[in-house]
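>>> model the following, please.
(chains A and B)
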There are 2 protein chains.
Amino acid sequence: MKAPQILSGFQDLLPGDMIARNKVMSMIRSVFESHGFEPIETPSLEYYETLTGKEGGESEMLMYDFTDHGDRHVGLIYDLTVPISRVMATYQDIPKPFKRYQIQRVYRAERPQKGRFREFYQCDVDIFGTASPLSDAEIVSILSDSLVGMGFKDFNVLVNHRGVMQGIMRTCGVPKETLKESIVIVDKLDKIGPDGVARELEAKGVPSAGKIVEMISVQGDAGVVIPTLKGMLSGDEEAVQALDNIKQIIELAGAMNAKVKFDPSLARGQSYYTGPVFEARLETPKIGSVAGGGRYDNLIGIFSGNQVCATGASLGIDRIMAAMREIGMISDTKTIAKVQICHFGEGSTPLALECAKTIRESGVPCDLYCGDGDIRKQIKYASKKGVPYIAIIGEDEAKSSTVLIKNMETGEQEKVEFSKLGEVASQLA
Amino acid sequence: MKAPQILSGFQDLLPGDMIARNKVMSMIRSVFESHGFEPIETPSLEYYETLTGKEGGESEMLMYDFTDHGDRHVGLIYDLTVPISRVMATYQDIPKPFKRYQIQRVYRAERPQKGRFREFYQCDVDIFGTASPLSDAEIVSILSDSLVGMGFKDFNVLVNHRGVMQGIMRTCGVPKETLKESIVIVDKLDKIGPDGVARELEAKGVPSAGKIVEMISVQGDAGVVIPTLKGMLSGDEEAVQALDNIKQIIELAGAMNAKVKFDPSLARGQSYYTGPVFEARLETPKIGSVAGGGRYDNLIGIFSGNQVCATGASLGIDRIMAAMREIGMISDTKTIAKVQICHFGEGSTPLALECAKTIRESGVPCDLYCGDGDIRKQIKYASKKGVPYIAIIGEDEAKSSTVLIKNMETGEQEKVEFSKLGEVASQLA
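Next up, the predicted model:
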């Protein structure tokens, strides 16, 4: 008999994966909540026309859509932005600013690639109903705090603004027809370097490629870089305002201890961004972007008719988990139980049950062996599972009301009187 | 412009719902983990033929199925039993007994009813690879511990066995053709009473309806009831063995403090159960079943060819949440933030940012107001959100490095020196 297959691009998360993932998720959640963001959840299925309302062609290609039993054309959500837009249009009395976070699975009918799945978690934080730079700074600060909370040390939250990017292009005389392409090229600075960017821009026939590269390559402290660029873009009022906006966001986020940096080459793909854009980039390990976002003041209005300002970001859990694994930030714990109770022989079962109850009550996860098999089989099982301690209860222990606690790593063992088990157990957590 | 609709039978969980739900979920998770159950997650989509492998016709009716872009016939999972069966067939080297829990959304294309949704969480605990009564007792014990952990006091975990039910039917001469129907009627004892059951059985032409009702109505301590029924079923070897099995399970679970009770009328619908069956029933509030399960030793084998014993149960989060609301076990907290920072006037922003950082670092969720608006608007916002404390920082406070902490319920307020804010804040959690 052939075992049934999992669908390509989907994954089974077994205990080893899930234990690490739950830890990371719970850390992220607690950072979000410490900033006062509220949890929400929305359906996995929405009307197809709701899902396509936003971007048309782009999203249709990657959507799982079908007709349900009631002849409704429906689709699996492919991001959390469309659902929250529908929510904001539906519940217009939610007090604003509304800070929400949402951690859910989304679905993409794309060709699966290494490390990219057709079903994966998205983890969004957004603030609705205000255009204040403080709200953008809160998003930057929460990205920074999340990465610090997870244990990352070497990273930056980069900030740029569409107005700056477009100002650079305008000032350098890039025609409208090649604007989009040129921005895509500029966004590659980190990967292909200034010479690469210049070469690609020239190949597209962009004039003053050198000047563009000069501007986007400006690096250093925001206090220096912003005035420098202001000078370069002084003729472009929109760009100058955008630079002032970035300055404010960086100062405010910095005052909340965020690791924040201005990067004039940062573009972020989505066409719906209207102002500042953000990206969290890991330097160690050097895997690049693990979160991105920006301000999108025109998107919610598509649903509700009345405009709702919005700014936010999305963390990529899969990339973050991969990075943590790469530099050993995730322990290889494969089991929840800290203690495995092994029991055998006359009279051992009642004590084993008592023992499980006592250890659990002391707050320590405890697995009571409930299969068949002699003590050697039980110990082998504990060792295969990787449980750190075993509590052995045989006939002798049952008679003397003692438990033998063994450290599976060091092999050390200790005879514990049953009356003291709770006390001893609470130190094993 | 008409706001886009949510699909019928689906729900938006807004902060008020989610905060309560997250608390309940996290309590359940911690009970499962204290028993050493390991978390896993599997895809929401599976091959259609995997999903229909188990029950055929029954499940097809309620499945969301469709053909994906790669011409695969796929379906959304409608329970967590099919996916775990596939997992057990795929990863045959998982050490057994394998205790896993799985909390995920499942999908049913049924007609939605009050309190029943097309998308809802299922919350399963199962033990694979052993037929020992201790494993059944662990499931009973975990159901009991979960309900106690959530704060329920008046409930029972009922236990019966298919062998007992069938033994009663055999002993009373119920023919094979009416066996299934008769069991369904018997299962209604709790709802329609002994006379109702007798009437319905008679209407179906079942002989000795009175004798059946007598047997299934036996109530009381297992130590008395089991011998009584043993006497009544003494000619039926299978039923007698089943009664011994129940006795063991109840004793073992009782030793782990489970609130467990033998109920010979308990049937549980699913045809795949092979031995003991369980059901957790709330008495206060009197809403009945909130969890059910049993032993299903033949199901995993459908996928893997080789038999894997299994026992487990599933908790219904939606019913549990409804019950908790009914008797006021869930507080109506609508916001995560414990403190809302309101700030206005010259020089207040840097102190407001410092203040947010300090309160967050002391472990208290803190929302920094980041909209526009004067202090009255900010206080109104805090009040509408229902946040318990506000921290006011105006020009005076900024100058004197103080913060005004106000209890929104009592109206009491206290001027706190900034240097002491961390200390004061940590008491607001």
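>>> neighbours of the nearest residue to residue A:134 once chain neighbours are set aside, how many?
Spatial nearest neighbour of residue A:134, chain neighbours left out: residue B:370 (4.0 Å); criterion: CB to CB, 6 or more residues apart in numbering or on different chains. Bear in mind the C-beta positions are built from the backbone N, C-alpha and C, glycine included. Neighbourhood size, residue B:370 [other CB atoms under 10 Å in any protein chain shown]: 25.
>>> secondary structure class for residue B:370?
coil (DSSP: H, G, I helix; E, B strand; the rest coil).
>>> then residue A:325?
Secondary structure for residue A:325, judged by three-state DSSP, is helix.
>>> chain neighbours aside, what residue packs nearest to it?
Per CB to CB, 6+ apart, closest to residue A:325 is residue A:20, 8.0 Å.
>>> correct me if wrong: the one you found contacts residue A:321.
Yes: in this structure, residue A:20 is within contact of residue A:321 by CB atoms under 8 Å, at 6.8 Å.
>>> anything in contact with each of the two?
Shared contacts of residue A:20 and residue A:321, defined by CB atoms under 8 Å, 6 or more residues apart in numbering or on different chains, are found at residue A:330.
>>> residues near whichever residue of the stretch 1-150 of chain A sits closest to chain B, how many?
The stretch 1-150 of chain A approaches chain B most closely through residue A:36 (2.8 Å), counting by CB to the nearest CB. As a burial measure, residue A:36 scores 27 neighbours (other CB under 10 Å).
>>> that one is in contact with residue B:341, isn't it?
No: here residue A:36 lies out of contact with residue B:341, judged by CB under 8 Å, at a distance of 9.1 Å.
>>> tell me which residues are up against stretch A:173-190.
A:165-166, A:169, A:196-197, A:200-201, A:204-208, A:212, A:216-217, A:265-269, A:281, A:288.
>>> let's see that with 7 Å instead.
A:165, A:169, A:196-197, A:200-201, A:204, A:206-208, A:212, A:216-217, A:265, A:267 (CB atoms under 7 Å, 6 or more residues apart in numbering or on different chains).
>>> type out the PyMOL command that picks the buried ones from those residues.
Per 16 or more other CB atoms under 10 Å in any protein chain shown, the buried members of those correspond to this PyMOL selection:
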select buried, chain A and resi 165+169+197+200+201+206+208+212+216+265+267
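>>> out of the contacts of stretch A:173-190, which sit inside helices?
Mapping those onto helices (DSSP state H) picks out A:165, A:169, A:196-197, A:200-201, A:212, A:216.
>>> give me the distance between the two termini of stretch A:163-177.
Using CA to CA, to the nearest Å, one end of stretch A:163-177 lies 17 Å from the other.
>>> for that stretch, what is the average pLDDT?
Stretch A:163-177 shows a mean pLDDT of 93 in the predicted model.
>>> ok, and for it, which residues are buried?
For stretch A:163-177, a neighbour-count test (16+ other CB under 10 Å) marks A:163-172, A:174 as buried.
>>> if we can go back for a sec, and the residue of the stretch 1-150 of chain A closest to chain B, what does it touch?
Counted by CB under 7 Å, 6+ apart, residue A:36 has contacts A:99, B:336-337, B:365-367.
>>> so for it, what's the nearest residue that isn't a sequence neighbour?
Closest to residue A:36 by CB to CB, 6+ apart is residue B:367, at 2.8 Å.
>>> element containing the residue nearest to residue A:325, please.
helix A:15-34 (DSSP states H and E).
>>> quick one: residue A:376 is in a helix?
Yes: with three-state DSSP as the criterion, residue A:376 is part of a helix.
>>> can you get me a residue count around it?
Per other CB under 10 Å, the neighbour tally for residue A:376 reads 10.
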